[in-house]
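Asker: what's the 3D shape of this:
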Amino acid sequence: MTSLALVVGVGTGLSASTARALAQGSYRPILVARDISGLDALRAEVDGVALACDASDPDAVADLFGEIDGMDGSLDVAVYNPSPWVRGAITELDPLEVHDVLDVTAFGAFLMAYHAATRMLGAGRGTMLFIGASSGVKGYAESAPYAMGKFAVRGLCQSLARELHPQNVHVGHVVIDGRIGGARREEHPAASNAGDRSMDPDEIARNDVHLIEQRRSSWTWEVELRPWTREF
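Answerer: Just a heads-up that it's a prediction; the model follows:
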């Protein structure tokens, strides 16, 4: 039976690298984004499926998993990465934009976990990974929306790991402590791709696959990744 790997929040950066790394293994990627018009090349490259979905919409996510249920294969992996980038002084933030950040980053992560857990518990196995950030461990100035969302994701992962690990469902939280090079520069213009100061998305993806392939006798619930030159 084909092993399906859901990747939510696919663009041109880390999630694309994750899909490629999964495809190099034994998984068929399911690429999910609000707008999938730019995913044709990646979908063909990884021999995957591209599905449009608003990850913060409960009905849309339910429909997404309904489509997955109809595919030939079992959902063995689910990866969640969406996290809108909104920052500014607390008195200058747009409350509606902040609401959207929390909906996508935190509530969307919960929705994926809810539906993925239902399938994985029924199958008796599976892995869920959630992509975090240093802002989910320490809140930076003028970064309240991002910090709130990422702190929530970390709390969700810790709770899920304690609940689901004894039921043979692996939950991992990947803390990205640094700027990601490559295409991510377009999403965060302040990011630097100056050699060792940035992170290679392909290397992060290899760490994701390592977590997925861990044997249950030594599961990791959280890992921090950062460039070797970064102080912490």
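Asker: from here on, just use CA atoms for contacts and neighbour counts.
Answerer: Will do.
Asker: residue farthest from the centroid of the chain?
Answerer: Distance to the chain centre peaks in the chain at residue 91, reaching 29.7 Å (criterion: C-alpha atoms, centre = their mean).
Asker: and that residue, what element?
Answerer: Counting by DSSP states H and E, no helix or strand carries residue 91.
Asker: mind pulling up the pLDDT for it?
Answerer: Predicted confidence (pLDDT) for residue 91: 93.
Asker: what's downstream of the host helix or strand of residue 210, the next helix or strand?
Answerer: Secondary structure from DSSP H and E places residue 210 in helix 201-212. Downstream of helix 201-212, the next assigned helix or strand under DSSP H and E is strand 222-225.
Asker: run me through the strand neighbours of that next one, direction for each.
Answerer: strand 169-176 (parallel) (DSSP bridges).
Asker: name the residues of the strand it pairs with that come out as buried.
Answerer: 169-176 (16 or more other C-alpha atoms under 10 Å).
Asker: what does stretch 77-87 give?
Answerer: Buried, per 16+ other C-alpha under 10 Å, within stretch 77-87: 77-84, 86-87.
Asker: pLDDT on it, on average?
Answerer: So the average pLDDT for stretch 77-87 ends up being 92.
Asker: starting at the chain centroid, how far to the longest helix along the chain?
Answerer: Determined from DSSP state H, the single longest helix within the chain is helix 144-164. Offset of helix 144-164 from its chain centre (C-alpha atoms, centre = their mean, to the nearest Å): 12 Å.
Asker: between that helix and strand 169-176, how big is the angle?
Answerer: Interaxial angle of helix 144-164 relative to strand 169-176 (axes from the mean of the first three to the mean of the last three C-alpha atoms, to 10 degrees): 150 degrees.
Asker: related to what we said a few turns ago, let me know the closest of the buried residues of stretch 77-87 to residue 26.
Answerer: Among the buried residues of stretch 77-87, residue 77 lies closest to residue 26 (C-alpha to C-alpha), at 11.1 Å.
Asker: that closest one looks like it's in a strand, true?
Answerer: Yes - secondary structure of residue 77 (DSSP: H, G, I helix; E, B strand; the rest coil): part of a strand.
Asker: how close does it sit to residue 214?
Answerer: Distance, residue 77 to residue 214, by C-alpha to C-alpha, to the nearest Å: 13 Å.
Asker: I'd like to know how many residues surround residue 109.
Answerer: Number of residues near residue 109 (other C-alpha atoms under 10 Å) recorded here: 28.
Asker: isn't it right up against residue 83?
Answerer: No - at 9.8 Å, residue 109 and residue 83 do not qualify as touching, with contact defined as C-alpha atoms under 8 Å.
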